[in-house]
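Q: Model the following, please.
(chains A, B, C and D)
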Protein chains: 2
Amino acid sequence: MSSSDTKQQILDAAEQLFGEEGFTSTSLRAITGAAGVNLAAVNYHFGSKSELAKAVISRHLVPLNQERLRRLDACEKNAKGTASLEEVVASFLGPALDLAREDKQTAGVTRLLGRIYSEQPPFIGELFADEFQDLVERFLHAIEACLPELDRSVVFWRMHFMVGSMAHTLCTNNLLTLFSSGHCSMQDIDEVTQQMVTFVAAGMRAPVISKVEGSR
Amino acid sequence: MSSSDTKQQILDAAEQLFGEEGFTSTSLRAITGAAGVNLAAVNYHFGSKSELAKAVISRHLVPLNQERLRRLDACEKNAKGTASLEEVVASFLGPALDLAREDKQTAGVTRLLGRIYSEQPPFIGELFADEFQDLVERFLHAIEACLPELDRSVVFWRMHFMVGSMAHTLCTNNLLTLFSSGHCSMQDIDEVTQQMVTFVAAGMRAPVISKVEGSR
DNA sequence: GTCTATATCCTGATAGAC
DNA sequence: GTCTATCAGGATATAGAC
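A: Predicted coordinates for the structure are as follows:
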């Protein structure tokens, strides 16, 4: 087995297992066992478990965010200026949900990416700031262009809710299938995307003042 | 220290640490150390780490869901029939966000509850089904009463997105503060609740058909 | 580059004295 | 009920032969 093969095998197995079990619950033994390589290979190729995890994540996160920006660019260019809100939202959500296409059963990449946001392993801080800072900025401005009447803080909140809807859907599709008694599933990614974009875009467009009067 | 004191100390410390580090990353030694009790006390009082985790979760989850149903009942009664969509949504989200009120700094209960949805430790299956099944059903019908034109599967999807927005907000408030450069924070829970209810209710009301035309 | 063998440490759980 | 001491196993990481 060549060097790059071994590295690849480790990355694939780690991605799968991290997605299924989480970072801390997944041992290097499990990873190297599934990959069919020696235990010591992880430390040789990656240095540590944390570095392996970073490599697994950025292998998908970097292209994902590039694709998001590519789609945003494309629809802004297409619209000769301001893209529609649905297009902007779909540029953000679509590429993430696309990852779930070939991933239905295995739940590897998909759950992994959903997990990142909530598990937030300590080593991930730097990677996060680097990788998301300008993505957030680009989408912030694109959304503000669509909804100029909104305060910036409101736009931030709504982007936060958008990410939440996405992460939760990527991460816990089994919960949905359970509670919906089979009404909903991740079988048809196009439909999920449609549902999510519709919901999020409508939420983004909500007028700023709304009654919340509860009944305590 | 009395028996019930020890049990309580363990529950408090476990709640805190589970919320900060997650289930698997938190050792019994860390818990008993923080609680100031003996290591063996966990197994004496709870039987195992899993049973302790279940106790920690249900201690907050059961009252939380009771409060949700109480508020739903109250606003349905108040409206003499169908409550407004905002009221229904606030009945679900409000009690969860209220937990974050006294919890700003420590991030104990709050992150714990946010985490449950995504970490999904194996032992939690039964507790989940028992605890959420009829809650979901009650809110499903309440929302359907507000939005009779929607298919049931669409309502399920939108409830799923609602839960995602909530869980992500409870779990990753530090991310929001980071990316929004301080524009948003969890300091003012009433404002967060307002923002979330507005967003979710508007998303729920979205017409079923909506253009998603991307630009690939 | 890949392997075996091992060092070092930490985990959950328990037995048994008090 | 609470403690000490310990078991048995699994964790990451590394040293050194090939």
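Q: residue ranges for the strands of chain A, please.
A: Here chain A has no strands by DSSP state E.
Q: low pLDDT regions in it?
A: By pLDDT under 70, the weakly predicted segments of chain A are A:1, A:104-107, A:122, A:210-216.
Q: Just give me the longest helix of chain A.
A: Longest helix of chain A, by residue count under DSSP state H: helix A:49-78.
Q: For A:Asn38, give me phi and psi.
A: In terms of degrees, to the nearest 10, the main-chain angles of A:Asn38 are phi -80, psi 150.
Q: what about it, distance to A:Thr32?
A: Distance, A:Asn38 to A:Thr32, by CB to CB, to the nearest Å: 6 Å. (C-beta placed from N, C-alpha, C; glycine too.)
Q: Leaving out chain neighbours, which residue sits closest to the residue nearest the centre of chain A?
A: Here the mean C-alpha position of chain A is nearest to the C-alpha of A:Leu113 (CA atoms, centre = their mean), at a distance of 4.6 Å. Setting aside the residues directly before and after it, A:Leu113 is nearest to A:Leu170 in space (CB to CB, 6 or more residues apart in numbering or on different chains), at 5.7 Å.
Q: Could you report the neighbour count for the one you found?
A: When neighbours are counted by other CB atoms under 10 Å in any protein chain shown, A:Leu170 registers 28.
Q: give the contact list for it.
A: Neighbouring residues of A:Leu170 by CB atoms under 8 Å, 6 or more residues apart in numbering or on different chains: A:Ala96, A:Leu97, A:Leu99, A:Ala100, A:Thr110, A:Arg111, A:Leu113, A:Gly114.
Q: rerun that using 7 Å as the cut-off
A: Neighbouring residues of A:Leu170 by CB atoms under 7 Å, 6 or more residues apart in numbering or on different chains: A:Ala96, A:Ala100, A:Thr110, A:Arg111, A:Leu113, A:Gly114.
Q: A:Ala145 now?
A: A:Thr82.
Q: can I get the CA coordinates of stretch A:58-68 in PDB?
A: Taking C-alpha atoms only, stretch A:58-68 is exported to PDB below (Å, rounded to 0.1, in the frame of the first residue of the first chain):
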ATOM      1  CA  SER A  58     -11.100  20.600   6.500                       C
ATOM      2  CA  ARG A  59     -11.000  18.100   3.700                       C
ATOM      3  CA  HIS A  60     -14.800  18.600   3.300                       C
ATOM      4  CA  LEU A  61     -15.300  22.000   4.900                       C
ATOM      5  CA  VAL A  62     -12.900  23.900   2.600                       C
ATOM      6  CA  PRO A  63     -14.400  22.700  -0.700                       C
ATOM      7  CA  LEU A  64     -17.900  23.100   0.800                       C
ATOM      8  CA  ASN A  65     -17.300  26.800   1.600                       C
ATOM      9  CA  GLN A  66     -15.600  27.300  -1.800                       C
ATOM     10  CA  GLU A  67     -18.700  25.900  -3.500                       C
ATOM     11  CA  ARG A  68     -21.000  28.100  -1.400                       C
END
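Q: Please list the outside residues in contact with it.
A: Residues outside stretch A:58-68 that contact it (CB under 7 Å, 6+ apart) are A:Leu11, A:Ser91, A:Phe92, A:Pro95, A:Ala96, A:Leu99, A:Val109, A:Leu113, A:Leu127, A:Glu131, A:Leu135.
Q: I figured A:Ala34 hits A:Asp12, correct?
A: No. Contact criterion CB atoms under 7 Å: A:Ala34 and A:Asp12 do not qualify, at 8.6 Å.
Q: which residues are common contacts for those two?
A: By CB under 7 Å, 6+ apart, no residue touches both A:Ala34 and A:Asp12.
Q: rewinding a little: just give me the closest of the contacts of A:Leu170 to A:Ile143.
A: Set against A:Ile143, the nearest of those by CB to CB is A:Ala96 (16.5 Å).
Q: ok, and the closest non-adjacent residue to the closest one?
A: Once flanking residues are discounted, A:Ala96 sits nearest to A:Met166: 5.8 Å by CB to CB, 6+ apart.
Q: Quick one: residues contacting the one you found.
A: Residues in contact with A:Met166 (CB under 7 Å, 6+ apart) are A:Leu93, A:Ala96, A:Met196.
Q: Just the buried subset of the residues you listed, please.
A: By neighbour count, with 16 or more other CB atoms under 10 Å in any protein chain shown, the contacts of A:Met166 hold A:Leu93, A:Ala96, A:Met196 as buried.
Q: Pick the one among these closest to DNA strand D.
A: Set against DNA strand D, the nearest of the buried ones among the contacts of A:Met166 by CB to the nearest atom of the strand is A:Ala96 (27.4 Å).
Q: what sits against the residue nearest to the centre of chain A?
A: A:His60, A:Ala96, A:Leu99, A:Leu170.
Q: Please convert those residues to JSON lines, extending it with distance to DNA strand C.
A: Shown next, in JSON lines, are those (distance: CB to the nearest atom of the strand, whole Å):
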{"residue": "A:His60", "distance to DNA strand C": "23"}
{"residue": "A:Ala96", "distance to DNA strand C": "32"}
{"residue": "A:Leu99", "distance to DNA strand C": "28"}
{"residue": "A:Leu170", "distance to DNA strand C": "28"}
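Q: Might you enumerate the residues of chain A proximal to DNA strand D?
A: Selection of chain A residues close to DNA strand D by CB under 7 Å from any atom of the strand yields A:26-30, A:39-40, A:42-43, A:47-50.
Q: Any quick PyMOL command for the buried ones out of those?
A: Entered in PyMOL, the line below selects the buried ones among the residues of chain A next to DNA strand D, by 16+ other CB under 10 Å:
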select buried, chain A and resi 26+28+30+42+49
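Q: And the residues of chain A next to DNA strand D, which is closest to DNA strand C?
A: DNA strand C lies nearest to A:Ala40 out of those, by CB to the nearest atom of the strand, at 3.6 Å.
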